[in-house]
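Asks: one predicted model, sequence on top.
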Amino acid sequence: MTSSPRFLHPQSVRTSLPPHFRPNKVDRSNQSNQSTRPSLMIQNRKMRKGTRSCTACRRRKVRCIFPSEESDVCSNCDRRGSTCVPQGVSLDLNSRINDRSSQRRRVKSRHQNTQSVPQATPDGETIRGSSQFSDVLVALKGLQNRIEISLKSTRSNVPARDVVGPSRGADSIQSDRAPIMKLLNHELIGRVPEAEKEVSQQVSSQKSKRNKTYPSHQPTEHAEALKGLLAALPTELEMNGIFKTKSGWWNSWRESFGLSWGDEGDSSLEVFAIRTFQTGHPALLGSLLLCFALSTGDFAKYLSSVEHWILNNDELAGSIYGLQCLMGLGLCFMSSLQPRRAWATYRKANTLLQLAGIHRTHRKSKSLDTIFWQLFSADRWVSLLIGLPYSVPENICDLYIPPPEEESIVNFHYRHLSILTGRVIDCLQSEKSPTLSTVTGVDEKIDEITAHLPFGYLDLEQIRRCRDAKNRHTRAFRLAHVYSLKAQLYMPLFLQGAQGDKQEYSRMACVRSARTLLEAYLLLHESDPAAARTDNSIKQSAPSALTAAVIVFLNMLGYGRNDAAGAVQERTAERVYDDGLIERTLIALYSWSEDQPGSLSGQCHATLKDLVKSSRGLHKGERREIVVPYFGRVTVDRKEGPSQAADPWLETPSGEGPLLESNADSIAAWPALYDDIFLTYSGPWTAQDDYVGGLVDNADAAAAFDWITEPDYGFCQY
């Protein structure tokens, strides 16, 4: 009698199989037993000698590629994060067998990769990174392998899809407020191509997962973008140096600007780099390059790649990661003194928000709500600084802000001030000159919102006594935000000069706001100078600090006063205080520059220093002009002849010569404190009638702040 087939117990099979389940070493004595139970075993398939393939790739009918002979996981399974089971091996023996062996293979693979650290660089230097940095290199190597495989597969199997062209299909518009097009049932309204919808759903479903993986069927241009962005990475030695010595700004930066780069658990820039390489999203890689730019100050090296591969690709820029990247890109443009590019970047980011309908639906998601308010505020902040219109009208957006009881008091205050920034811009950029009643009306609205803060929250003395560094940092920035808006709100009236009580009130309101603004920034710096040197959120404040310092300095020189006697008495009481503010501001700006004269803080320091020295060392009959970034041109003239009142402070010799040659006619000039010194301002903050009249002979100033980035002034970094 023939005996029935005898099936092996899972434990016996487990001991009979060699480690790692290699297909060319499977015990052939068990093949008859395996074939009798097809539900438990996959029937062996005779393979050519030396070939290797896994079950998953066989089922998907794709080519199975192992990165090296020693690898136990094929590239496709590694990208999917699934278990790589060789053909001919049981899938149902015991899930724990596969799980444990998979863990052993991953640990072995990581151990083999980490043995390569430290590594020798081409220059002979050795990289001795931390174990965390070795994880960065492992993740980077994995991303490079995935890019190479993706490029090979897409070139051989999938035709390349152009960025523009008929292969893209119809554009999608997420709007329900186009009645004529809806009436015609136009294909653009509310219709998303199936392929793009599928990719969008996959990307959105991955956001909540900690171990994100990029879709294996990503479009060709994404792989090309990743390759181009990786080419801009620093060397391993440079990257390790950045992580060790130049990444201390990471936590304060994310807290100050609310940037949601990476996961909440990304406690350092190094951890964020690991997450970026593991995820493999081009926009995340672009954000990492921006971090390197902020760390090193070498914006020319990194920004061009992000601009080319992310900003110019609507599909990537319009994703959540892409919008976060554009937020950081605009800040980097401001840091590199390229305000026009920053303004255009935020304008495009808000356009992509509107095309996706996020300006109306952002409250459905916390991440969307965060990025909407970031871009909404950044657009208005840059527009205010450079005197250009903001892009998003308020009446088309959902601008509901929960009350302080339901929302963070800081978010409540910050978002309301972002809306009021639009009112300040409307006042400053109106065709007609702003009136005192209009200005004070906006000022009162700012005070109404600020009144919701706890009592004493913005009191300078209480902020100084605060022992919690994070709380002190937050309160000082709230104080700076308030008085930055007020100083710029009153600035046009300050520059008109005091021709009556109303103008004198405006002038003093502007000066008081500028003083408080400087005190807030100096508090941030002087409470911890070492931390302030590396805090990019403080460095971004350099233009506002410079503007406030120029206002205080012009007031010291008697700019805009019509009563010399009263000005002398006022100056006697306030000159020492204001002079101290200017000196402390110069020290702070120099510290923030980190010995980089071409940086944003370095340029602001040089400008303020030149303005002070030019005014102190001006000889009779001389004229000097100083270009102040984000403010305008200030010209100091000293006429021939004896002066009626000598000022030892102004007579301090400096030996400085003229800074810039100028052929621009004066737009408005007022006598300074002494009758032989005159100050002239040329820029967008004067009364509109006077400003327009001066544009005939001042085309440079008429070009919407083009003079800020003129190469002749050395403000353009690349």
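Replies: The structure has been received and is ready for your questions.

Asks: which intervals of the stretch 1-150 of the chain have sub-threshold pLDDT?
Replies: Across the stretch 1-150 of the chain, the ranges flagged by pLDDT under 70 are 1-51, 68-70, 81, 88-131.

Asks: typo on my end, it should be the stretch 551-700 of the chain
Replies: Applying pLDDT under 70 to the stretch 551-700 of the chain picks out residues 560-573, 617, 640-677, 684-700.

Asks: can you map out the strands along it?
Replies: 623-628, 632-638, 668-671, 677-682 (DSSP state E, counting those that start in this stretch).

Asks: check which helices and strands the second one sits against.
Replies: Here strand 632-638 touches helix 600-616, strand 623-628, strand 677-682, going by 3 or more C-beta pairs under 8 Å, 6 or more residues apart in numbering; DSSP states H and E. Where C-beta positions appear, they are placed from N, C-alpha and C, glycine not excepted.

Asks: cutoff 6 Å now
Replies: strand 623-628, strand 677-682 (3 or more C-beta pairs under 6 Å, 6 or more residues apart in numbering; DSSP states H and E).

Asks: reformat the ones you listed as CSV; add mean neighbour count and distance to N76.
Replies: Shown next, in CSV, are these (neighbours: other C-beta atoms under 10 Å; distance: least, C-beta to C-beta, whole Å):
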stretch, mean neighbour count, distance to N76
strand 623-628, 21, 58
strand 677-682, 22, 64
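
Asks: any chance of those strands in TSV, plus distance to Q278?
Replies: Output for the helices and strands packed on strand 632-638, formatted as TSV (distance: least, C-beta to C-beta, whole Å):
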stretch	distance to Q278
strand 623-628	45
strand 677-682	53
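
Asks: before we move on, the earlier item: looking at the strands of the stretch 551-700 of the chain, which is nearest to R79?
Replies: strand 623-628 (53.0 Å; C-beta to C-beta).

Asks: partner strands of the closest one and their direction?
Replies: Applying DSSP bridges, strand 623-628 is found paired with strand 632-638 (antiparallel).

Asks: so what touches the strand it pairs with?
Replies: 614-615, 618, 620, 622-627, 676-683 (C-beta atoms under 6 Å, 6 or more residues apart in numbering).

Asks: quick one: closest of the strands of the stretch 551-700 of the chain to T435.
Replies: Comparing the strands of the stretch 551-700 of the chain under C-beta to C-beta, the one sitting nearest is strand 668-671, at 17.9 Å.

Asks: would you confirm that I242 contacts L294?
Replies: No - counting by C-beta atoms under 6 Å, I242 sits too far from L294 to count as a contact (10.0 Å).

Asks: how about low-confidence regions in the stretch 251-400 of the chain?
Replies: Scanning the stretch 251-400 of the chain with the threshold set as pLDDT under 70 gives 256-263.

Asks: with distance to D535 added, can I get the strands of the stretch 551-700 of the chain in TSV?
Replies: Converted to TSV, these look like this (distance: least, C-beta to C-beta, whole Å):
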stretch	distance to D535
strand 623-628	24
strand 632-638	28
strand 668-671	38
strand 677-682	32
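
Asks: state the pLDDT value of A703.
Replies: At A703, the model reports a pLDDT of 31.

Asks: domain parsing for this structure?
Replies: 10-114, 116-160+171-358, 540-713 (automatic domain parsing).

Asks: neighbour count: I242 and L294, which is higher?
Replies: L294 (25 against 18; other C-beta atoms under 10 Å).

Asks: for that one, what are its contacts?
Replies: Per C-beta under 6 Å, 6+ apart, neighbours of L294: N536.

Asks: what's the burial count for P454?
Replies: When neighbours are counted by other C-beta under 10 Å, P454 comes out with 9.

Asks: ok, it to G683 distance?
Replies: According to C-beta to C-beta, to the nearest Å, P454 and G683 sit 38 Å apart.

Asks: same thing with A451?
Replies: 33 Å.

Asks: neighbour count winner among these two?
Replies: Shown here are A451 and G683; by other C-beta under 10 Å, G683 has more neighbours (22 against 8).

Asks: which residue is the nearest non-sequential neighbour of that one?
Replies: Sequence neighbours aside, G632 is the residue nearest to G683 in space, at 2.1 Å (criterion: C-beta to C-beta, 6 or more residues apart in numbering).

Asks: remind me which helix or strand the nearest residue to Y490 once chain neighbours are set aside belongs to.
Replies: Once flanking residues are discounted, Y490 sits nearest to C510: 3.6 Å by C-beta to C-beta, 6+ apart. In the assignment (DSSP states H and E), C510 maps to helix 501-527.

Asks: helix or strand next in line after that helix, which one?
Replies: Next element after helix 501-527 (DSSP H and E): helix 529-534.

Asks: could I get the buried residue list for that next one?
Replies: By neighbour count with 16 or more other C-beta atoms under 10 Å, helix 529-534 contains the buried residues A531, A532, R533, T534.

Asks: pick out the lowest-pLDDT one from those residues.
Replies: T534 (84).

Asks: dump the residue contacts of that one.
Replies: T534 neighbours (C-beta under 6 Å, 6+ apart): G248, W249.

Asks: number of residues surrounding the residue nearest to Y490?
Replies: Neighbours of C510 under the rule other C-beta under 10 Å: 27.

Asks: burial check on D528, number of neighbours?
Replies: Neighbours of D528 using other C-beta under 10 Å come to 13.

Asks: separation between it and H473?
Replies: 9 Å.

Asks: likewise G142?
Replies: Taking C-beta to C-beta, one finds G142 at 37 Å from H473.

Asks: which of the two has more residues huddled nearby?
Replies: Neighbour totals were compared for G142 and H473, and H473 leads with 24 against 19 (other C-beta under 10 Å).

Asks: quick one: S591 from I242, how far?
Replies: For S591 relative to I242 (C-beta to C-beta), the value is 21 Å.

Asks: could you count how many residues lie near E394?
Replies: E394: 11 neighbours (other C-beta under 10 Å).

Asks: try the one 5 residues further on
Replies: For L399, the number of neighbouring residues by other C-beta under 10 Å comes to 17.

Asks: can you tell me the element the closest residue to it other than its chain neighbours falls in?
Replies: Distances taken as C-beta to C-beta, 6+ apart place I419 nearest to L399, at 6.3 Å, with adjacent residues excluded. Using DSSP H and E, I419 falls within helix 409-428.

Asks: show residues contacting the following helix or strand past that helix.
Replies: Sequence-wise, the next helix or strand downstream of helix 409-428 (DSSP H and E) is helix 436-450. Contact with helix 436-450 is made by H416, L420, R423, C427, V482, L489, K502, S506, as judged by C-beta under 6 Å, 6+ apart.

Asks: can I get the CA coordinates of the following helix or strand past helix 436-450 in CSV?
Replies: For helix 436-450, the succeeding helix or strand toward the C-terminus, using DSSP H and E, is helix 460-465. Extracted C-alpha coordinates of helix 460-465, given in CSV (Å, rounded to 0.1, in the frame of the first residue of the first chain):
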residue,chain,number,x,y,z
LEU,A,460,9.6,95.2,28.0
GLU,A,461,10.6,95.0,31.7
GLN,A,462,8.5,92.0,32.3
ILE,A,463,9.9,90.3,29.1
ARG,A,464,13.4,91.0,30.4
ARG,A,465,12.6,89.3,33.7
